[in-house]
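I need the structure of the sequence given here:
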Amino acid sequence: MKIERVAILAVMSVVLSGNNALAESKAERKIENLFQKALAEEFTAGREIIVSLVQVPPNTTLQRHWHPGEEFHYVLEGETELVIDGQPTILETPGKVSHVPYKKMHTVVTKNKGVKVLVFRVHTKGEPVRYLEQGGTEEK
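Next comes the predicted model:
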């Protein structure tokens, strides 16, 4: 079943977060959406799956933001610190899976190594991909 395959990807997914050094620039991070599919309405109304390959260069801090859904990260290369409000910082390293809860403000910080992460989202259909702390949204 397709949903079971997607659930397996969820286990392989990773969240990008942190709260340090440099400001994020759209030119610095790279996002490639690999898969997007609405879930069956009778199963989970108004939700879709988005799987993305995200790359963030060394010494970068993403803007604090939240997502209208659940987010899972699976680190392929490099490392990052995922900083989620109210939780201990998570060191994300290759092979590790992390989770960002629904609408939880967070950021990602890379150090000397950049990071390549498979990000799996169970996302609210029709909503932007993320909402920035300072206001504004982002579609990708």
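
separation between residue 58 and residue 125?
Counting by CB to CB, to the nearest Å, the separation of residue 58 from residue 125 is 35 Å. Every C-beta, even on glycine, is put in place using the N, C-alpha and C of the backbone.

oh, I was asking about residue 30
Counting by CB to CB, the gap from residue 30 to residue 125 is 25 Å.

now swap in residue 90 and tell me
Taken as CB to CB, the span from residue 90 to residue 125 is 28 Å.

How about residue 73?
From residue 73 over to residue 125 the distance is 21 Å, taken as CB to CB.

ditto for residue 53
As judged by CB to CB, residue 53 and residue 125 stand 21 Å apart.

Which pLDDT value belongs to the closest residue to residue 46 other than its chain neighbours?
Once flanking residues are discounted, residue 46 sits nearest to residue 125: 5.3 Å by CB to CB, 6 or more residues apart in numbering. Note on residue 125: pLDDT of 93.
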